[in-house]
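Trainee: kindly return the folded structure for what I paste below:
(one chain, ligands or ions: 2)
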Amino acid sequence: MKPGSNDQPDVRLRGVVKRFGRFEAVAGVDLDVARGQFVTLLGPSGCGKTTTLRIIGGFEQADDGEVVVAGEPVGRDETTRHTRMVFQSYALFPHMTVARNVAFGLRMDGLARPEIASRVEAMLGTLGLADQAGKYPRQLSGGQQQRVALARALVTRPRVLLLDEPLGALDLKMRKRMQTELKALQRDVGITFIYVTHDQEEAMNLSDVIVVMEKGRVAQVGTPEEIYRHPVSAYVADFVGETNLLPAHVVASTPSGLRVSTAIGEFTVRADAAAAGSAIMVAVRPEAILIGPSIPAGCARGRGVVRSRSFLGSLTRLALEAGGTTLTVDSPGLSAVGAGDTIDFGWRDADALALPGSQP
Ligand SMILES: Nc1ncnc2c1ncn2[C@@H]1O[C@H](COP(=O)(O)OP(=O)(O)OP(=O)(O)O)[C@@H](O)[C@H]1O
Ligand SMILES: [Mg+2]
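Mentor: Numbers count the residues shown, from 1 in each chain. Ligands and ions are numbered 1, 2, ... in the order given. So this is what the prediction gives:
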């Protein structure tokens, strides 16, 4: 395939391995990122997100496997001209004004002065920095510095932008605002974004595709909805969104699903046949647990004691103790149930997932 054709991914990883001494920080990663997508590498600290991103950018050399960006292999210790990276620390030049920071990459590329001036001006406008052009980084807020770092990377019009926890240093409110701006910006400029975060809410909010990583490997790739609704393992279910995980044993495979035994009783979950006696995890989202008299017939059922209750505006969250475990239950609106109450709960068979894995 020729570079730039539409049927090839912008970024392609095959069997990528990176070792530090005997430790495999990246342990065989395959990944295809399509052109113009917002893809997020999501996972807990130390799972290999930054290392993977640095390999794509050419800052780090893979020990094994293949890395191709825009149809060209990423070589040894050289950053590719197709990618730019935005670091968590912003890494702005302190002795240069905002305008000169943003112009830096274009000067390096040897563009003509009028071209540099017009591109810098347009980019500062896009990011709401037009009136900050003459300031130095130390005179800017964290959010403004972050925008300058983005402008500096975007102005060179890379094919792929690599972003490593770029909002990590901002407070929650500013982070939310920048998330919205970043998503809109990505749509406007049409550049492929590969974004790293350990914040699952941020990943859900921003991404076309989420790559959940676990110990240097890809645990699952999918849209936010696919990952949330159809996690492939207890690890993914636990990491993305709130979930209740119950260790279970298969009692029998029946035509309507798996009959399982758990600390809170025996019930059926929709799943393919599995050997009796095998250990699985059952995952039920807090919003799938129904309480009170409105539980339809045919649901898995139990009885528990409310240990705590918090009103969160659009829902009430309960900690419900049953069979020695505590379930998180999200009930819409203001629930009349209070701490100390004994209540019935249940969920539809289809709302419980049988997953491989153990208690994360
Ligand atoms: N230069 C290095 N030398 C030795 N070990 C390293 C080096 N860089 C990373 N590691 C190790 O590789 C693993 C993966 O690191 P990486 O920075 O990719 O994690 P991460 O997913 O980005 O984590 P975080 O969310 O904390 O940034 C970690 O255990 C880390 O300690
Ligand atoms: Mg990192």
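
Trainee: ok, the residue nearest to the spatial centre of the chain to residue 111 distance?
Mentor: Per C-alpha atoms, centre = their mean, the C-alpha nearest to the average position across the chain is that of residue 203, at 3.3 Å. Residue 203 sits 35 Å away from residue 111, going by C-beta to C-beta, to the nearest Å. (C-beta placed from N, C-alpha, C; glycine too.)

Trainee: with adjacent residues omitted, what lies nearest to residue 316?
Mentor: Once flanking residues are discounted, residue 316 sits nearest to residue 335: 3.9 Å by C-beta to C-beta, 6 or more residues apart in numbering.

Trainee: if I read this right, that neighbour contacts residue 306, doesn't it?
Mentor: No. Residue 335 is beyond contact range of residue 306, at 9.4 Å (criterion: C-beta atoms under 8 Å).

Trainee: select the longest helix from this structure.
Mentor: Longest helix in the chain, counting residues (DSSP state H): helix 172-189.

Trainee: packing partners for the next helix or strand after that helix?
Mentor: With elements assigned by DSSP states H and E, the helix or strand that comes after helix 172-189 is strand 192-197. Using 3 or more C-beta pairs under 8 Å, 6 or more residues apart in numbering; DSSP states H and E, the elements in contact with strand 192-197 are strand 38-42, helix 49-57, strand 160-164, helix 200-206.

Trainee: picking up where we left off before, got a list of what the residue nearest to the centre of the chain touches?
Mentor: Residue 203 makes contacts with 40, 42, 195, 197, 210, 224, 240, as judged by C-beta atoms under 8 Å, 6 or more residues apart in numbering.

Trainee: the third one - how many residues pack around it?
Mentor: When neighbours are defined as other C-beta atoms under 10 Å, residue 195 has 26 of them.

Trainee: ok, the second one next?
Mentor: One way to gauge burial is a neighbour count; for residue 42, by other C-beta under 10 Å, it gives 27.

Trainee: now it. Nearest residue, chain neighbours left out?
Mentor: Of all residues not flanking residue 42 in the chain, residue 203 sits nearest, at 4.3 Å (C-beta to C-beta, 6+ apart).

Trainee: to ligand 1, which of the helices and strands packed on strand 192-197 lies closest?
Mentor: Evaluated over the helices and strands packed on strand 192-197, closeness to ligand 1 peaks at helix 49-57, with 3.2 Å, by C-beta to the nearest ligand atom.

Trainee: in the chain, which helix or strand is least confident?
Mentor: helix 172-189 (a mean of 87; mean pLDDT, DSSP states H and E).

Trainee: surely residue 267 is within a strand?
Mentor: Yes. According to DSSP: H, G, I helix; E, B strand; the rest coil, residue 267 belongs to a strand.

Trainee: list the contacts of it.
Mentor: Here residue 267 is in contact with 259, 260, 300, 301, 349, 352 (criterion: C-beta under 8 Å, 6+ apart).

Trainee: could you report the pLDDT at it?
Mentor: Per-residue pLDDT puts residue 267 at 92.

Trainee: who does the helix or strand hosting residue 329 pair up with?
Mentor: In this assignment (DSSP H and E), residue 329 forms part of strand 325-332. Sheet pairing for strand 325-332, assigned by DSSP bridges, gives strand 315-322 (antiparallel).

Trainee: quick one on the thing from earlier: now the helices and strands packed on strand 192-197 in JSON lines, with mean pLDDT and distance to ligand 1?
Mentor: Formatted as JSON lines, the helices and strands packed on strand 192-197 follow (pLDDT from 0 to 100; distance: least, C-beta to the nearest ligand atom, whole Å):
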{"stretch": "strand 38-42", "mean pLDDT": "98", "distance to ligand 1": "8"}
{"stretch": "helix 49-57", "mean pLDDT": "95", "distance to ligand 1": "3"}
{"stretch": "strand 160-164", "mean pLDDT": "95", "distance to ligand 1": "7"}
{"stretch": "helix 200-206", "mean pLDDT": "94", "distance to ligand 1": "12"}
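
Trainee: quick one, strands of the stretch 201-350 of the chain?
Mentor: All strands of the stretch 201-350 of the chain, identified by DSSP state E, counting those that start in this stretch, fall at 209-214, 217-222, 244-254, 257-262, 265-269, 279-284, 290-291, 300-311, 315-322, 325-332, 342-347.

Trainee: those: which one's closest to ligand 1?
Mentor: With C-beta to the nearest ligand atom as the measure, strand 209-214 is the member of the strands of the stretch 201-350 of the chain nearest ligand 1 (6.9 Å).

Trainee: so what touches that closest one?
Mentor: The set of residues external to strand 209-214 that reach it, using C-beta under 8 Å, 6+ apart, is 29, 31, 33, 37-43, 47-49, 52, 203-204, 218-224, 227, 235-236, 239-240.
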